[in-house]
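Q: Next come a sequence and a model predicted from it.
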Amino acid sequence: NHLNIAIKEFLISTIQQLSFFQKFSDRFINFFSPYVEINFSQYEDYQFNHAFSAIETYLGAKETDKAKHLRASQVRESKGLVLKRDEAKVRDEYEGVNIWWEIETDSNGYRTFKLTFHRRSRDIVTDSYIQYVVEEGKSIEAKNKKMKLFTNNPSSQWESSKASLWRYIDFEHPANFETLAMDPKKKEEILSDLVAFSNGKDYYKKIGKARKRGYLLYGPPGTGKSTMIAAMANLLNYSIYDLELTAIQNNSELRKLLTATSNKSIIVIEDIDCSLDVTGNRKKKESYWTRLTKDGQQGDEEDKSSFVTLSGLLNFIDGIWSACGQERIIVFTTNHLAKLDPALIRRGRMDMHIELSYCTFEAFKILAKNYLDLDSHPLFEKIESLIKETKIAPADVAEKLMKKNREIDADGSLKDLIQALERRKKIQRDQVDEHKDRKSYKQLKAFRMLF
Ligand SMILES: Nc1ncnc2c1ncn2[C@@H]1O[C@H](COP(=O)(O)OP(=O)(O)OP(=O)(O)O)[C@@H](O)[C@H]1O
Ligand SMILES: [Mg+2]
């Protein structure tokens, strides 16, 4: 036992001496070393270092075909596997300069990236390489971002410790613009508008405008408004915040919710005519709002129970995001455009008014391609003339075209649709007739009263 202890002590002292020499030699070498080192730790003053995660993504994505140790993950089921480099040391090359990255983990489990390069390349690395890596990493992060669908919790629950303002689920909706049935020209217009917005960083900076864009989607039920929102999110890789206005009490709660949304997201208010009483009781709300803007703060207790106002909502949106360079898309949907207050949806507020209408023949052809894989069919002609005279929502057409069982083939589905169209056409004609009858009956009555 004594011997054991003696050996242990001897070993420890040798190791200490060795490490002393090691330190000394490190310093000695470093003094003469032509290499420069930069550290990027995971946390900086207890705050998460975003450069760290960008670097991690960048290095993870680098040349995975040459790496020997890989890590595989699938963050979105709709996307493929993501392979990442899983090595402690990675060499990179930038404008002919060799650069080495190393990852170190300290005793607390915090990690640090160590960047080493020759001192003659100092300018290239500090001026452009680091920026390049961080930007590249961020753009890869954005591409692989897991999209989320957020819904606001009722404000009465915010106080309880567990409930946060927003709760979310992973967003995996298959909708895309290709399968969306609508006028191709209009679709193209919307697509290019969205793409221009998401690429417009420098442009918005130049013209000094906040990076937000508003879309008002209107049309009857089942014409693809919600589907289009999902397609927008998929196109741009944005998360969706589905804002339920009826769950909040006043404008200050609204402000809290909106400031808690993340960059690159779509804020959606569905059926805006239903969630906000935009027609009735406006006087009180408006005076509340004007007072709020005048004083810049909330009034007394009674006002706290006041409602959310649509103009309040729009003004907050203008105000908050003018202050930070973040990207937001705001989408309102409604079934009744006429019900909305024109001042609130005037252009400039909602940048684009998009009408989703009853199914046209063009839209039908897209649906036929989606559901039946058909480009043309002898029955199309008949459908074309019927669809022109009938109001039918794309959702109803889609329902008819969907295979309910294996026996029904394309012919059967199309015939099914024709039947439905004919039935609908008759009902709609009857309604028109009834309307006419009622009108002439009234005229007749008025006529009779004269005599
Ligand atoms: N234009 C369209 N293109 C392709 N599919 C559509 C279209 N419109 C509707 N559909 C189909 O019908 C279903 C319902 O459509 P959606 O929920 O988008 O309608 P909506 O306009 O949001 O209706 P509501 O006004 O009732 O909310 C969708 O799941 C989709 O499959
Ligand atoms: Mg909808």
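A: Received, thanks. Ligands and ions are numbered 1, 2, ... in the order given.
Q: Only C-alpha atoms from now on, for both contacts and neighbour counts.
A: Will do.
Q: Strands along the stretch 101-250 of the chain, start to end?
A: For the stretch 101-250 of the chain, the strands defined by DSSP state E, counting those that start in this stretch cover 111-118, 148-152, 166-170, 212-218, 239-242.
Q: Same list as before, the ones you listed that is, but in JSON lines and with mean pLDDT, mean neighbour count and distance to ligand 1 included.
A: JSON lines is the format used below for the strands of the stretch 101-250 of the chain (pLDDT from 0 to 100; neighbours: other CA atoms under 10 Å; distance: least, CA to the nearest ligand atom, whole Å):
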{"stretch": "strand 111-118", "mean pLDDT": "89", "mean neighbour count": "18", "distance to ligand 1": "45"}
{"stretch": "strand 148-152", "mean pLDDT": "91", "mean neighbour count": "20", "distance to ligand 1": "16"}
{"stretch": "strand 166-170", "mean pLDDT": "87", "mean neighbour count": "14", "distance to ligand 1": "18"}
{"stretch": "strand 212-218", "mean pLDDT": "91", "mean neighbour count": "22", "distance to ligand 1": "8"}
{"stretch": "strand 239-242", "mean pLDDT": "93", "mean neighbour count": "23", "distance to ligand 1": "13"}
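Q: Okay, now the unreliable bits of the stretch 101-250 of the chain?
A: Applying pLDDT under 70 to the stretch 101-250 of the chain flags residues 161-163.
Q: if you set the cut-off to 80 instead, what comes out?
A: 108-109, 142-146, 159-164, 208-210 (pLDDT under 80).
Q: residue contacts, residue 335?
A: 218-221, 271 (CA atoms under 8 Å, 6 or more residues apart in numbering).
Q: Including distance to residue 142, could the strands of the stretch 101-250 of the chain go into TSV?
A: Below are those laid out as TSV (distance: least, CA to CA, whole Å):
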stretch	distance to residue 142
strand 111-118	21
strand 148-152	13
strand 166-170	15
strand 212-218	18
strand 239-242	11
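Q: can you tell me which of these comes nearest to residue 399?
A: Nearest to residue 399, of all the strands of the stretch 101-250 of the chain, is strand 212-218, at 21.2 Å by CA to CA.
Q: Show me what the closest one is packed up against.
A: strand 328-334, strand 352-355 (3 or more CA pairs under 8 Å, 6 or more residues apart in numbering; DSSP states H and E).
Q: how close does residue 422 get to ligand 1?
A: 20 Å (CA to the nearest ligand atom, to the nearest Å).
Q: Pull the distance from the helix or strand hosting that residue to the chain's centre.
A: Using DSSP states H and E, residue 422 sits within helix 410-450. Its chain's C-alpha centre and that of helix 410-450 lie 43 Å apart, by CA atoms, centre = their mean, to the nearest Å.
Q: If you count contacts, what does that helix end up packed against?
A: Secondary elements touching helix 410-450 (3+ CA pairs under 8 Å, 6+ apart): helix 380-389, helix 394-401.
Q: nearest to ligand 1, of those?
A: helix 394-401 (3.4 Å; CA to the nearest ligand atom).
Q: Quick one: check the closest one for contact with ligand 1.
A: Yes. Counting by CA under 6 Å from any ligand atom, ligand 1 is contacted by helix 394-401 at 394-395.
Q: Show residues contacting that helix.
A: The contact list for helix 394-401 (CA under 8 Å, 6+ apart) reads 181, 222-224, 358-359, 363-364, 367-368, 371-372, 410, 413-414, 416-417.
Q: Quick check: PyMOL command selecting the buried ones in the residues you listed.
A: To isolate the buried members of those in PyMOL, using 16 or more other CA atoms under 10 Å:
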select buried, resi 181+222+223+224+358+359+363+364+367+368+371+372+410+413+414+417
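Q: and ligand 1, which of the contacts of helix 394-401 contact it?
A: 181, 222-224.
Q: The chain against ligand 1: which residues are in contact?
A: Counting by CA under 6 Å from any ligand atom, the residues of the chain near ligand 1 are 179-182, 220-227, 335, 394-395.
Q: Which members of the residues you listed are positioned in helices?
A: Among the residues of the chain next to ligand 1, the members found in helices (DSSP state H) are 225-227, 394-395.
Q: Let's have these in CSV, adding neighbour count.
A: Shown next, in CSV, are these (neighbours: other CA atoms under 10 Å):
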residue, neighbour count
225, 25
226, 16
227, 17
394, 24
395, 17
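Q: From those, pick the one nearest residue 130.
A: Of these, the one sitting nearest to residue 130 (CA to CA) turns out to be residue 227, at 40.3 Å.
Q: In the chain, which residue is most central in space?
A: With distances taken as CA atoms, centre = their mean, residue 238 lies nearest the centre of the chain, 2.2 Å away.
Q: Do I have it right that that one meets residue 267?
A: No. With contact defined as CA atoms under 8 Å, residue 238 does not reach residue 267; the gap is 9.9 Å.
Q: any shared contact partners between these two?
A: Common neighbours of residue 238 and residue 267 (CA under 8 Å, 6+ apart) do not exist.
Q: Would you mind measuring from residue 19 to residue 12?
A: In this view, residue 19 and residue 12 are 10 Å apart by CA to CA, to the nearest Å.
Q: sorry, that was for residue 208
A: Counting by CA to CA, the gap from residue 208 to residue 12 is 65 Å.
Q: returning to what we had before: mind checking the helices and strands packed on strand 212-218 for the one nearest to residue 147?
A: Counting by CA to CA, residue 147 lies closest to strand 328-334 out of the helices and strands packed on strand 212-218; the figure is 14.6 Å.
Q: just checking, what packs against the closest one?
A: By 3+ CA pairs under 8 Å, 6+ apart, strand 328-334 packs against strand 212-218, strand 265-269, helix 272-275.
Q: which stretches of the stretch 51-200 of the chain form helices?
A: 122-124, 130-144, 184-198 (DSSP state H, counting those that start in this stretch).
Q: Can you say which of these is packed in most?
A: When those are scored by mean count of other CA atoms under 10 Å, the highest mean neighbour count falls to helix 130-144 (a mean of 17).
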